[in-house]
Every structure is written in C-alpha cells, then in structure tokens.
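Q: what shape does this take:
(2 chains)
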Amino acid sequence: MMPSLPIWQFDVLLLVLVVLFAVVALSIRNLMGAAVVFGAYSFMMCLIWAGMGAVDVAFTEAAVGAGVSTVFIVSTIYNTSATMRSRPGGMAFKLFIGVVVTLAGVFLLSALPDFPDWGDPNSPANATVAPYYIENSIRDTHVPNLVTSVLADYRGFDTLLETIVVFIACIAIYSILRIETAKSKTDEPEEDIATAPPSYDPSDSLIVRQASRFMVPFMQLFALYVIAHGHYSPGGGFQGGVILGASLILLAISFDLKFLLRQWREKPLMLLVASGVCLYATVGLACMFTGGNYLDYGSLDSVLPNDRAMARSHGILLVEIGVGITVMFSMLAIHINLASNGRFDRGL
Amino acid sequence: MENLIANFNYVIVVILMMIGLWSMLAQKNLIKKCIGMAILQTGIILFFISIGAKNNALIPILTEAAYSDPDVATVANPLTQILMLTAIVVGVATLGVGLGLAQKIYHQHSSFDEDEILENQRK
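A: Numbers count the residues shown, from 1 in each chain, chains lettered A, B, ... in the order given. This next block holds a predicted model:
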C-alpha cells in the first residue's frame, strides 16, 4: 500500500525534524544558540520545499532564511546580550496562552478534512488560473522558468509593491536605529573612516579573512549569473540580490565593518537602494510611453530589436535587475545598521 | 489515519503556526518573539507550497521538449511559489525591522525581558 500514499517517508522525517528544530530554537536559553538552530530550521524547511518542486522558493529560503536572517539575529545579539534572564513564576500565564493557542490549533485542524488532498492536481489552487501560466508562458514571454515569468510579468504589480515593501523596511530601520555620529560623540577622538587603518582584532583568524577574500568574487559572479540566468534556471532578482548582499556582509564580518564602510558610504548606499525601485518603476513608465499599459513589457518591442514576446523577456530582465539592486543594498544597509547599532562606524 | 498521513503537511503547518503564535504571546524575550514570528511565517509559507504541490509533477521550469505544448499535470503550480518567494524576502525585511526595534529597546532599558521593560517604564 505504500506507493499509493501521496507522501513518502523522507518528507515525514523532514517535517518532524522541522517541528523539533522550531521547539529547540524557542526553548534554548542562549540566544546565539537559538539563532543558529533557527538557521538549521530554515535549511530543513528549504529541503522540504525543494522536495515539493518549489526550487525557486527553496533557493530563496537557503539564501534568505538560513543565511541573511541568521546574520541579522547574530548582529543584533552582538550589540546587546545573548543571555536570557530567568525569573520565577509566569508559568500560569504561559499555560493559559498554551491553552488558547491549542484551541486555535484544534479549530484549524478541524478544517483538515475539507482540504483538497495533498498533491491533488485538480484542487482549486492548481486548476483555476495556474494552468494559464503554464500553457502560455513560452508563447507570451519565451521564458521557460514559469516562476520568473509569473513573478516579473504576469504579476509584475505584485512584485513591484513587494520591492517597495523591502525599500520601506530599509527606511524604517534607518529611522529606528540611525544615530548621527556627531551628536553621539562624547570623548572619542574624531576618526575618518576613509583614512583610518582597518582595525583587525588580533583574535580574528587570518585563514577566515583570506578565504573570504578569495570567495567573495566567486559569490558575486554566481549571484550575477543567478540574476541573468533566472529565465532558464532557478533564480532571479531576489535570490541574486540576496547573494550579492550576503557577499558584502561576509566581507564585513570576516574583516571589519570599517573595511566595508570605506567602500560603501552611507549616502550612495541609500541612493542605490532607491535606484532599484526607480528602475523597476521606470520600466513600467517606459511601457506606457511606448503605447502599452503600465508594466506591459510587450509594447517595448517598438524600441527593442525583437518581437513582442522577446521584448517581454527583456523587460523581465530589466525588472529583475532593479529588484536585485534594491534587495542587495537594503540587506547590506539593514546589516550595517544592526551591526553598528545605527552609528555606521564600527561593529560586528 | 489514512487521512492524517495524506494531509500530514497541513498538520505540521498547524503545529508550526501554534508554536510560533505561542512564542509570540508567551515568551518574554523580544528576540524569541522575533524568532517565533519567523516560525509562524514559515508555517504559512509551507501551507501555500503544500496546496500548490502536485503528485508526480516536475519543477515549474519547462524542458525544451515541452515548449510547444506543456502538459499542465506534470508541472508544479508556479503561482503559489511566486507568492511565497516574495513573502520570504519581505519576511526577512520585517524581521530586520523587528530586530531593529528590539535593539533600540535594549539600549533604552538594557533588557530584552518584557516584564523588566514594563517595570522600567512605570518608574
């Protein structure tokens, strides 16, 4: 009877492991440990999604969930404290919340028999609008990776607004954390980042520094490949942008934040975050000027040398580049803010 | 039992959402709350990916042989995947905002503990 089961043992194992990691990440007393277990949780999640055929989602989760968000948590802890203060009492409250949450869970589980079976190709989610994308993507856009064509073309508005959300989150972190260095300076001597020598901690490993110096160009090359080849393979602006951001974050961690800040000043960084969104929006406007609707790349065929479908393919590439720029620099800006506690001078 | 195994993904989704929600409500530590939020979110993402999965289907990238006439049954649903792809990136941005807020609070009250922060505020 086993082959008739729609889910196989490996998936069951991974799903149980995911719950286990979630519980461990929340119950561990040391916050640094919790951050690392949370990274492992993300990797398990990414395996599950890859197993269900969602390769782009798994790729994004591997770069974002397991990579960058773990780094964010670690750099926050670096500036604060990793220990949790244990205080007596509070058990009754925790139990009460536990009962409430269990009730909510039981209500959700009671809806379980009404769900379409897992993997049913005729379920409402699979049988309504999705077949249109599968059947028409090649004819409309020449893009075999359906996720890319739906992401940047059919649902371009969606992605534009998601990119704006990332941009707004970046600005929000700025307004929360950023402190003007001139005001917060008390007795520390004025130090120009551009001329000051990088201050390596003697305990920093030479091997880590040299290895990451060697790795970063390849990471960036791979990220550019991910953005440019996103039409034909898993990848695209989000994944490539996150990997580019992560390569710079790796430099900041393995050397020193100052090492990075000598190359990336605050102002150009913020301008670049905004320029990605602007590029996306400008491509939309260009479509209007060439006679189409907003973000209808097909009308760009009057300025591009190829036919309508190829123009949509090129439009997708331009938009993905915009997404990549915004995501890359907002990840970097968020990391610098968190790691330097908003001072933009030194940190993790 | 048959039904439970057939819908095991959905059971795990509910359990993950329960764990995440419990952590956001009951844990006193702000960083733990942020991690709980991320777990709640991955639970929801797992739900979307599960409803978009198809048995015996390939990844949503067409092979060259299928360019002219793709068979819908053998290609996974791309729509739920792109919705979740953007949700992951927005999720890390919101996690960053949450951590930024926690860090700011820590520097005002030198504690991540909710009770201590409230006591400090009453003083």
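Q: for the chain, give me the ranges with low pLDDT.
A: Chain wasn't specified; assuming chain A. Residues of chain A that meet the criterion pLDDT under 70 lie in A:1-8, A:88-89, A:181-204.
Q: hm, I was asking about chain B
A: Within chain B, the ranges that satisfy pLDDT under 70 run B:1-3.
Q: surely A:Asp25 meets A:Gly39?
A: I think there's a mix-up here, since residue A:25 is Ala and not Asp. No - under the criterion of CB atoms under 8 Å, A:Ala25 is not in contact with A:Gly39, lying 9.0 Å apart. (C-beta placed from N, C-alpha, C; glycine too.)
Q: hmm, stretch A:218-228 touching chain B?
A: No - figure legend: stretch A:218-228 not in contact with chain B (CB under 8 Å from any CB of the partner chain); closest approach 13.1 Å.
Q: only C-alpha atoms, please: export that stretch in CSV.
A: Once non-C-alpha atoms are left out, stretch A:218-228 reads as follows in CSV (Å, rounded to 0.1, in the frame of the first residue of the first chain):
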residue,chain,number,x,y,z
PHE,A,218,33.1,34.0,-7.0
MET,A,219,30.0,34.6,-4.8
GLN,A,220,29.3,37.8,-6.7
LEU,A,221,29.9,36.2,-10.1
PHE,A,222,27.5,33.4,-9.1
ALA,A,223,24.9,36.0,-8.0
LEU,A,224,25.1,37.8,-11.3
TYR,A,225,24.7,34.5,-13.1
VAL,A,226,21.6,33.8,-10.9
ILE,A,227,20.1,37.2,-11.9
ALA,A,228,20.9,36.9,-15.6
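Q: distance of A:Phe93 from chain B?
A: Taking CB to the nearest CB, to the nearest Å as the criterion, A:Phe93 is separated from chain B by 7 Å.
Q: can you pull the contacts of that residue?
A: A:Phe93 makes contact with B:Ala26, according to CB atoms under 8 Å, 6 or more residues apart in numbering or on different chains.
Q: could you redo the last one with a cut-off of 10 Å?
A: With contacts defined as CB atoms under 10 Å, 6 or more residues apart in numbering or on different chains, A:Phe93 is in contact with B:Leu25, B:Ala26, B:Lys28.
Q: helix, strand or coil for it?
A: Following DSSP: H, G, I helix; E, B strand; the rest coil, the label given to A:Phe93 is helix.
Q: what ranges does the stretch 151-300 of chain A have for its helices?
A: Secondary structure of the stretch 151-300 of chain A (DSSP state H, counting those that start in this stretch): helices located at A:156-177, A:181-184, A:206-228, A:237-254, A:257-261, A:266-289.
Q: all helices for chain B, in order.
A: B:2-6, B:8-26, B:30-52, B:78-109, B:114-122 (DSSP state H).
Q: need these in CSV (columns: mean neighbour count and distance to chain A).
A: Formatted as CSV, the entries for the helices of chain B read as follows, by neighbours: other CB atoms under 10 Å in any protein chain shown; distance: least, CB to the nearest CB, whole Å:
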stretch, mean neighbour count, distance to chain A
helix B:2-6, 13, 6
helix B:8-26, 21, 4
helix B:30-52, 23, 5
helix B:78-109, 22, 3
helix B:114-122, 12, 7
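Q: ok, A:Ala25 and A:Gly39, which is more surrounded?
A: Set side by side, A:Ala25 and A:Gly39 show more neighbours around A:Ala25, with 25 against 19, by other CB atoms under 10 Å in any protein chain shown.
Q: send me stretch B:13-28 as PDB with only the CA atoms.
A: Taking Å, rounded to 0.1, in the frame of the first residue of the first chain, the C-alpha atoms of stretch B:13-28 are listed here in PDB:
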ATOM      1  CA  VAL B  13       1.600  23.700   9.200                       C
ATOM      2  CA  VAL B  14      -0.900  24.000  12.100                       C
ATOM      3  CA  ILE B  15       1.700  22.800  14.600                       C
ATOM      4  CA  LEU B  16       4.300  25.300  13.400                       C
ATOM      5  CA  MET B  17       1.800  28.100  13.500                       C
ATOM      6  CA  MET B  18       0.800  27.100  17.000                       C
ATOM      7  CA  ILE B  19       4.500  27.100  18.100                       C
ATOM      8  CA  GLY B  20       5.100  30.500  16.500                       C
ATOM      9  CA  LEU B  21       2.000  32.100  17.900                       C
ATOM     10  CA  TRP B  22       2.600  30.700  21.400                       C
ATOM     11  CA  SER B  23       6.200  32.000  21.300                       C
ATOM     12  CA  MET B  24       5.000  35.500  20.200                       C
ATOM     13  CA  LEU B  25       2.400  35.600  23.000                       C
ATOM     14  CA  ALA B  26       4.000  33.700  25.900                       C
ATOM     15  CA  GLN B  27       7.800  34.300  25.600                       C
ATOM     16  CA  LYS B  28       9.100  37.300  27.500                       C
END
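Q: around chain B, pick out the residues from the stretch 151-300 of chain A.
A: Along the stretch 151-300 of chain A, the residues adjacent to chain B under the rule CB under 10 Å from any CB of the partner chain are A:151-152, A:154-155, A:158-159, A:161-163, A:165-179, A:231-234, A:236-239, A:241-242.
Q: filter the residues you listed down to the buried ones, PyMOL style.
A: Restricted to buried positions by 16 or more other CB atoms under 10 Å in any protein chain shown, the PyMOL selection for these reads:
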select buried, chain A and resi 151+152+154+155+159+162+163+166+167+169+170+172+173+174+176+177+178+231+233+234+236+237+238+239+241+242
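Q: which among the helices of chain B is found nearest to A:Val143?
A: Each of the helices of chain B was scored for nearness to A:Val143 using CB to CB, and the closest is helix B:78-109 (10.8 Å).
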